[in-house]
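Q: pasting the structure only:
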Ligand SMILES: NC(=O)c1ccc[n+]([C@@H]2O[C@H](COP(=O)([O-])OP(=O)(O)OC[C@H]3O[C@@H](n4cnc5c(N)ncnc54)[C@H](O)[C@@H]3O)[C@@H](O)[C@H]2O)c1
């Protein structure tokens, strides 16, 4: 771990989607570790937003830019000359993807192609980790955990857009960044990362369970509404997949060309809980709140999704460690502190330090 922190010191890292939930945590970690961070994203679309709370705009080289705009993206990447890129920018919501399928496809597929093409037109980038999702697999709800080589699919436009992004990534790897040609025709190694639903402080995105719980309990003082109580989700602490992305990028940077391609970063088996179980546990930890079920049959959402993360365990030494109670305690502590007007930057850094210490 110490080595990982040292590795990032003074590295030039570009994060797309740095104004979002996962991107803000990743930016804060990299700043703490002494990296030189730049970011490409839209302005934060939630109020409050973790990006604003942490004051990240002033701490990094910030670019508010749409990833669908190839010309601008390419100019920024040429200007910033990053050595490592984490691509997180996306339209990340299943339910929104039903309302805005074309925007979702453009952002998640063409946006990803734009980033890859812009990388192709520079020679500074050594390692790229592109974040897709556990929803990229064709999900027949068999209950078996998905392995990286399983068939891609996607029922809703979000899942399909991310599966299509995986195909674009695979094509760029084979056609332009083939590991066989590494250090001969190019110097860039690329991987994609698939993780499940993440939890942690600082998420206010709509249509997500913990933000919905937090808004109902702390802001609206009303009942939490859950739509899909029996849906089983792989819950994971936000820092766990981020740790996986960081480890993977380090190894790619070091030239481990056999690590190009897709990676699952799933939670512990015991963290597969239904939406209703998670809501009950969060209410218990918060010490307040109640819920009501309002089923929504209008929009299909997959009920069962499991990931097999043995590849990451074997080849990166990565595995999810935190149980759901601990994860919810981290998240609930964070929101309680925020709404209690405590020093949230300190708490965020304490949670980062605490999490990464367990890997020493
Ligand atoms: N949060 C989860 O549980 C989860 C689970 C699986 C995968 N993911 C993936 O992780 C990534 C980050 O998710 P998040 O939860 O932080 O989402 P988020 O909504 O909090 O952040 C999304 C980020 O993408 C940026 N973005 C969106 N459209 C853009 C565009 N057209 N141009 C430029 N930037 C754009 C936003 O500005 C923001 O910075 C996404 O790729 C998402 O699909 C998230």
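A: Yep, it's here. Everything numeric in this text was worked out from a predicted model, so none of it was measured.
Q: Close to the ligand: what parts of the stretch 151-300 of the chain are there?
A: Within the stretch 151-300 of the chain, the positions adjacent to the ligand are 195, 197-198, 205 by CB under 6 Å from any ligand atom. (C-beta placed from N, C-alpha, C; glycine too.)
Q: Just name the closest of those residues to residue 263, please.
A: residue 195 (9.0 Å; CB to CB).
Q: you'd agree the closest one is up against residue 263?
A: No. Under the contact definition of CB atoms under 8 Å, residue 195 does not touch residue 263, with a separation of 9.0 Å.
Q: okay, and the common contacts of those two?
A: Here residue 195 and residue 263 share the contacting residues residue 244, scored by CB atoms under 8 Å, 6 or more residues apart in numbering.
Q: Settle it for me: which of these two has more neighbours?
A: residue 195 (27 against 24; other CB atoms under 10 Å).
Q: Where in the chain is the helix or strand with the lowest mean pLDDT?
A: strand 232-234 (a mean of 80; mean pLDDT, DSSP states H and E).
Q: Distance from that one to the middle of the chain?
A: Distance of strand 232-234 from the chain centroid (CA atoms, centre = their mean, to the nearest Å) equals 16 Å.
Q: Next: stretch 318-326.
A: Using CA atoms, centre = their mean, the offset of stretch 318-326 from its chain centre is 16 Å.
Q: And it, end to end?
A: End-to-end distance for stretch 318-326, by CA to CA, to the nearest Å: 18 Å.
Q: So which residues lie in contact with it, not counting its own?
A: Stretch 318-326 is contacted from outside by 235-237, 240, 243-244, 247, 265-268, 270-271, 273, 278, 281, 285, 309, 312-313, 330, 358, using CB under 8 Å, 6+ apart.
Q: Mind checking the pLDDT average for it?
A: The pLDDT scores in stretch 318-326 average 93.
Q: Now do the buried residues in it.
A: Residues of stretch 318-326 classed as buried: 318-320, 322, 324 (neighbour count, 16 or more other CB atoms under 10 Å).
Q: and if you look at stretch 187-202?
A: 188-202.
Q: So, low pLDDT: which residues of the stretch 51-200 of the chain?
A: For the stretch 51-200 of the chain, applying pLDDT under 70 flags no range at all.
Q: Strands of that one, residue ranges please.
A: Applying DSSP state E, counting those that start in this stretch to the stretch 51-200 of the chain gives strands spanning 61-64, 84-87, 127-131, 189-195, 198-199.
Q: As a markdown table, those strands with distance to residue 139 would be great.
A: What follows is the strands of the stretch 51-200 of the chain, written out as a markdown table (distance: least, CB to CB, whole Å):
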| stretch | distance to residue 139 |
| --- | --- |
| strand 61-64 | 35 |
| strand 84-87 | 23 |
| strand 127-131 | 19 |
| strand 189-195 | 13 |
| strand 198-199 | 19 |
